[in-house]
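> Got a predicted structure plus its sequence, pasted below:
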Amino acid sequence: MDNKQQYWLGLPKHLFWGFIAIAIFMSGDGFEMAFLSKYITDLGFTSAQSATVFTIYGFAAALAAWGSGVIAEVITPQKAMTIGFILWIAMHILFLSLGLDMKNYICMLLFYGIRGLAYPLFIYSFMLMLVQVLPRSRLAAATGWFWAMYSVGIGVIGSYLPSFSIPFIGELGTLWLAVIWVACGGLIAFFSLRSVPVDRSKVDLPLKDKMSELSRAATILFTNRNIFLACLIRIINTLSLFGFAIIMPLLFVDRLGFTISEWLQIWAVFFFTTIFTNIIWGITGEYIGWIRQVRWFGCIGMAASSLMFYYLPVYFGHNMYIAMIPAICLGIFVAAFVPMTAVFPALEPHHQGAAVSIYNLSAGLSNFVAPAIAAVILSFGDIIHVVWAYTGLYVFAFILTFIIRVPQTLRNKKHASEKIKESAIAYS
């Protein structure tokens, strides 16, 4: 199974269509990311109410992310992915028709919140499939590709396509268009992955044993200090990603005069950058050290980039080229956290399933914490205060990296240079 002919720069060819499904699914899921908050305020709701909608969604996503690993393990990843994509379509239709279209805030909170359970179940079940079917030596590179496809979907296509569709069919029409993309991604996954041999050892376990497995994904936080610290760092990792999608349209469009299409293109540049940096940082971390990379490039880089994202456009005004500079920087440094995917199983080698569940939980909690911080601060402060709150948390994560202890054997640096050159040639 593990020969060079079956991998391309770490991408497992036999799971190729699964990665494509992730990109297409997350494209549809990402259509709304950079404009929905403003669209909700345009309907007459306050900025705090808009942020609350995303907070409820993020909380649901965090719960689903935490449980997705164990759920997929006890019913198979294929079934979990199918449930996720069907749930997404059903709740999205209800959110649009009964929530946004009727301007019913309760329905918006309810159906968008329930929809938050769907995408983590879909994508993180596929991540568990990677853990189950790939050799450990191939897993880090494969997860790099996983996050690259995630970025292609939610960031590049998910931002660029709405920037062109909104002028023609409007925000609501673009949100309806998302249903087609998610359905395509779900169907590709269903038909291409159904015959993949996965671990079925826990599918037939008694319910009591299945619940015991689920509880381990919580108790491990209290029995392993390093897992707890890694969880905090991973939550902080994507605060600006999820938070800026909510607050920055209010700055760029409402105050600085950018059009919604221009803002979406700026946001897409950020995600386009991560396509390459996810893979490059995934390789680099194996040679300079996972935590060392997270400390100096992830934490410090994101703190500086977050401040740049606010102050550069405020100082230079309506200037697309200047506005893209911090977007590119953000895309470079947010990907420096990619080795965290490998950190969690390394910290708990005897219970890797539970460790992956905590990784999923922390990724989902980031989706909840980012808008929650924005909702609280915007109720009494301004956008700049939210930006400084995120920046302060990146500095806090920087401090945590000196406390956490992660076992890792570094690879030869000459080999690292050759690998990075290979990636650059492949993308050129």
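Alright, I've got the coordinates.
> And the longest helix seen in the chain, how far out from the chain middle?
Counting residues, the longest helix found in the chain (DSSP state H) is helix 158-193. On the basis of Cα atoms, centre = their mean, to the nearest Å, helix 158-193 sits 18 Å off its chain's mean C-alpha point.
> Going by residue numbers, what spans are helices in the stretch 201-350 of the chain?
Ranges of helices within the stretch 201-350 of the chain are 207-223, 225-237, 239-252, 260-288, 290-293, 300-316, 320-334, 340-347, based on DSSP state H, counting those that start in this stretch.
> before we move on, the earlier item: tell me the mean pLDDT for the longest helix of the chain?
Averaged across helix 158-193, pLDDT comes to 91.
> Who are the packing partners of it?
Here helix 158-193 is seen to pack against helix 16-30, helix 36-42, helix 77-94, helix 118-133, helix 260-288 when contacts are counted using 3 or more Cβ pairs under 8 Å, 6 or more residues apart in numbering; DSSP states H and E. Glycine gets a C-beta too; all of them are placed from N, C-alpha and C.
> quick one: which of those helices is nearest Ile383?
helix 36-42 (11.8 Å; Cβ to Cβ).
> Can you list the buried residues in that closest one?
Neighbour-count burial for helix 36-42 flags Leu36, Ser37, Lys38, Tyr39, Ile40, Thr41 (criterion: 16 or more other Cβ atoms under 10 Å).
> what comes up buried for the following helix or strand past it?
Downstream of helix 36-42, the first helix or strand assigned by DSSP states H and E is helix 47-75. Residues 47-75 are the ones in helix 47-75 that count as buried (16+ other Cβ under 10 Å).
> what angle separates helix 47-75 from helix 77-94?
In terms of direction (axes from the mean of the first three to the mean of the last three Cα atoms, to 10 degrees), helix 47-75 departs from helix 77-94 by 150 degrees.
> So for helix 47-75, mean pLDDT?
The average pLDDT within helix 47-75 is 85.
> from the middle of its chain, how far away would that helix be?
Centre-to-centre, helix 47-75 and its host chain are 12 Å apart (Cα atoms, centre = their mean).
> just checking, what packs against it?
helix 36-42, helix 77-94, helix 105-115, helix 118-133, helix 207-223, helix 239-252, helix 352-378.
> Just tell me which of those helices ends up closest to Gly185.
For those, distance to Gly185 was read as Cβ to Cβ. The smallest value, 6.9 Å, belongs to helix 77-94.
> what's that closest one in contact with?
Helix 77-94 is contacted from outside by 25, 29, 68, 71-72, 107, 111-112, 114-115, 117-123, 125-126, 128-129, 132, 175, 178-179, 182-183, 185-186, 189-190, 193-194, 196, 198, using Cβ atoms under 8 Å, 6 or more residues apart in numbering.
> Distance to Ser165 for the helices and strands packed on helix 158-193 - can I get that in CSV?
Below are these laid out as CSV (distance: least, Cβ to Cβ, whole Å):
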stretch, distance to Ser165
helix 16-30, 12
helix 36-42, 13
helix 77-94, 16
helix 118-133, 20
helix 260-288, 10
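> what's the closest of those helices to Thr401?
Closest approach to Thr401 among these is made by helix 260-288 (12.8 Å; Cβ to Cβ).
> And that closest one, what does it pack against?
Going by 3+ Cβ pairs under 8 Å, 6+ apart, helix 260-288 lies up against helix 136-150, helix 158-193, helix 239-252, helix 290-293, helix 320-334, helix 413-427.
> among the ones you listed, which is the most enclosed?
helix 239-252 (a mean of 25; mean count of other Cβ atoms under 10 Å).
> Tell me, how many residues neighbour Pro345?
Neighbourhood size, Pro345 [other Cβ atoms under 10 Å]: 18.
> thinking again about what came up before, out of the helices and strands packed on helix 47-75, nearest to Met308?
Closest to Met308 of these is helix 239-252 (Cβ to Cβ; 10.7 Å).
> what angle sits between the closest one and helix 16-30?
40 degrees.
> Next, the angle helix 158-193 makes with helix 239-252.
Counting by the same axes, to 10 degrees, helix 239-252 points 140 degrees away from the direction of helix 158-193.
> Looking at helix 239-252 now, give me its mean pLDDT.
Here helix 239-252 scores 91 as its mean pLDDT.
> go on, stretch 273-280?
Here stretch 273-280 scores 87 as its mean pLDDT.
> cool, stretch 30-41 as well?
Across stretch 30-41, pLDDT averages out at 85.
> Other residues contacting that stretch?
Residues from elsewhere that reach stretch 30-41, judged by Cβ under 8 Å, 6+ apart: 47, 49-51, 53-54, 100, 108, 153-155, 157-159, 161-162, 166, 171-172, 174-175, 177-178, 181, 245-247, 249-250, 253-254, 260, 263-264, 267.
> Same check on stretch 335-344?
With Cβ under 8 Å, 6+ apart as the test, stretch 335-344 has contacts from 139-140, 143-144, 147, 227, 230, 233-234, 237-238, 273-274, 277-278, 280-282, 285-286, 290-291, 293-294, 297-298, 301-302, 355-356, 358-359, 406.
> Please repeat the previous calculation with a cut-off of 7 Å.
140, 143-144, 147, 227, 230, 233-234, 237, 274, 277-278, 281-282, 285, 290, 293-294, 297-298, 301, 355-356, 358-359, 406 (Cβ atoms under 7 Å, 6 or more residues apart in numbering).
> Perfect, that will be all.
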